[in-house]
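Peer 1: give me coordinates for this.
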Amino acid sequence: MIHEELQKLEKLSVLVSKKVEALTAENERLNARLAELEAQVQEKEVALDHFKNKIKISNIVDNRPVSPEDTVEMSDLINSYIQEIDQLITHLSE
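Peer 2: Numbering: from 1, shown residues only. This next block holds a predicted model:
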């Protein structure tokens, strides 16, 4: 009787072990997919930001009214670009 119970427990243990392995593999696959999707979302957000900046620049060039927040943001962006260009010029002249 005890021997039969031990065999049943052993079979259950094997089944549970297989299920854990399957779930672990699925978890790894889902984590990899999540990482891919997060990277794609990040790329899309960067592309969207660039597109928004192009629209703002286009509006400024076309003398269309731009909101004050956008003007400040664009001014900061242009200033950061100028600083980067200055750093590159300094680096290249060394």
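Peer 1: right, and the helix or strand after the helix or strand that contains H50?
Peer 2: H50 belongs to helix 2-61 when assigned by DSSP states H and E. For helix 2-61, the following helix or strand on the C-terminal side (DSSP H and E) is helix 68-93.
Peer 1: centre of the chain to that next one, how far?
Peer 2: For helix 68-93, the separation from the chain centroid amounts to 25 Å (computed by CA atoms, centre = their mean, to the nearest Å).
Peer 1: between it and helix 2-61, how many degrees?
Peer 2: Counting by axes from the mean of the first three to the mean of the last three CA atoms, to 10 degrees, helix 68-93 points 90 degrees away from the direction of helix 2-61.
Peer 1: the worst-scoring helix or strand of the chain on mean pLDDT packs against which elements?
Peer 2: Within the chain, confidence by mean pLDDT, DSSP states H and E is lowest for helix 68-93 among all helices and strands, at a mean of 81. With contacts defined as 3 or more CB pairs under 8 Å, 6 or more residues apart in numbering; DSSP states H and E, helix 68-93 has these neighbours: helix 2-61. From N, CA and C alone the C-beta is placed, and that goes for glycine too.
Peer 1: re the thing from before, buried residues, the least confident helix or strand of the chain. List them.
Peer 2: Residues D70, M74 are the ones in helix 68-93 that count as buried (16 or more other CB atoms under 10 Å).
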